[in-house]
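Engineer: structure of the sequence below:
(chains A and B)
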Amino acid sequence: KQEVTQIPAALSVPEGENLVLNCSFTDSAIYNLQWFRQDPGKGLTSLLLIQSSQREQTSGRLNASLDKSSGRSTLYIAASQPGDSATYLCAVRFGLIFGQGTELSVKP
Amino acid sequence: DVKVTQSSRYLVKRTGEKVFLECVQDMDHENMFWYRQDPGLGLRLIYFSYDVKMKEKGDIPEGYSVSREKKERFSLILESASTNQTSMYLCASRTTEHNSPLHFGNGTRLTVT
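Structural biologist: Below you'll find the model as predicted:
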């Protein structure tokens, strides 16, 4: 059964730091992997989508990579800002299975 | 921009009531999804629909049903609300294309007393 894990559950960093968020999956049949951001009490906003045949996607200060052989995706955030504070979630198989998210806090 | 609209932002219902949560998308998406989100448990899939009048059970369908009579609308029904159904409910949609991302509504915070 496919399981998606995001560790750590929470992360606090000072402003300006580059950081990496992790998403692990147990079955390489992911079809695609999507990263989301969620602000408190709100819905999810799509950040990046990587198809299973791709290795990475970039959007602004965000870069998502995918390594199916190791069952891992990372979301790299460059030069973090307080406005990046949110919960970040990953999902596989067209959104059928989600990780539990990493709550990011960027301190000024 | 794709818009997914959930009819209520906050809802308070009594135990035993029949509850309807409505979701409408404006981009002619074939696939629609209902999730609930609870602290410590993350997002869990309740039901999804590949197209009009089609429905598939997700991981936690018990106590819920759905209706998809029109392509743009996907309704989640709590037949007899219980306190353990107090949660944030999120609706999402996408096309059938492989590179189509999921788009979410803003969620409905349901409290059952």
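Engineer: and residue B:22, how far from residue B:40?
Structural biologist: 28 Å (Cβ to Cβ, to the nearest Å). Just so you know, the C-beta spots here come from the backbone N, C-alpha and C atoms, and that holds for glycine as well.
Engineer: swap in residue A:47?
Structural biologist: 23 Å.
Engineer: which one of these two is surrounded by more residues?
Structural biologist: More neighbours surround residue A:47 than the other of residue A:47 and residue B:40, with 21 against 6 (other Cβ atoms under 10 Å in any protein chain shown).
Engineer: for that one, grab phi and psi.
Structural biologist: phi -100, psi -60 (degrees, to the nearest 10).
Engineer: quick one: it and residue A:60 touch, right?
Structural biologist: No. Contact criterion Cβ atoms under 8 Å: residue A:47 and residue A:60 do not qualify, at 9.6 Å.
Engineer: neighbours around residue B:13, how many?
Structural biologist: 16.
Engineer: do you know the pLDDT at it?
Structural biologist: In this prediction, residue B:13 carries a pLDDT score of 97.
Engineer: surely it and residue B:112 touch.
Structural biologist: Yes. Using Cβ under 8 Å, residue B:13 is in contact with residue B:112, at 5.4 Å.
Engineer: what sits in contact with each of those two?
Structural biologist: Common contacts of residue B:13 and residue B:112, defined by Cβ atoms under 8 Å, 6 or more residues apart in numbering or on different chains, comprise B:19, B:81.
Engineer: show me which residues of chain B sit near chain A.
Structural biologist: Residues of chain B that fall close to chain A, judged by Cβ under 8 Å from any Cβ of the partner chain: B:4, B:31, B:33, B:35, B:40-45, B:48, B:58, B:90, B:92, B:94, B:98-99, B:101-107, B:109.
Engineer: in strands, which of the residues you listed appear?
Structural biologist: B:4, B:31, B:33, B:35, B:42-45, B:48, B:90, B:92, B:94, B:103-104, B:109 (DSSP state E).
Engineer: just the buried residues of those residues.
Structural biologist: Buried by 16 or more other Cβ atoms under 10 Å in any protein chain shown: B:4, B:31, B:33, B:35, B:42-43, B:45, B:48, B:90, B:92, B:94, B:103-104, B:109, out of those.
Engineer: which of those sits closest to residue A:106?
Structural biologist: Nearest to residue A:106 among these is residue B:42, at 21.9 Å by Cβ to Cβ.
Engineer: which residues touch the residue nearest to the spatial centre of chain B?
Structural biologist: Residue closest to the average C-alpha location in chain B (Cα atoms, centre = their mean): residue B:34, at 2.9 Å. Residues near residue B:34 by Cβ under 8 Å, 6+ apart: B:21, B:23, B:45-48, B:58, B:64, B:66, B:74, B:76, B:89-91.
Engineer: make a markdown table from these and add distance to residue A:32 and pLDDT to it.
Structural biologist: Formatted as a markdown table, the contacts of residue B:34 follow (distance: Cβ to Cβ, whole Å; pLDDT from 0 to 100):
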| residue | distance to residue A:32 | pLDDT |
| --- | --- | --- |
| B:21 | 27 | 97 |
| B:23 | 22 | 97 |
| B:45 | 16 | 95 |
| B:46 | 21 | 97 |
| B:47 | 21 | 97 |
| B:48 | 15 | 96 |
| B:58 | 18 | 95 |
| B:64 | 26 | 98 |
| B:66 | 24 | 97 |
| B:74 | 21 | 97 |
| B:76 | 25 | 98 |
| B:89 | 24 | 97 |
| B:90 | 19 | 97 |
| B:91 | 20 | 97 |
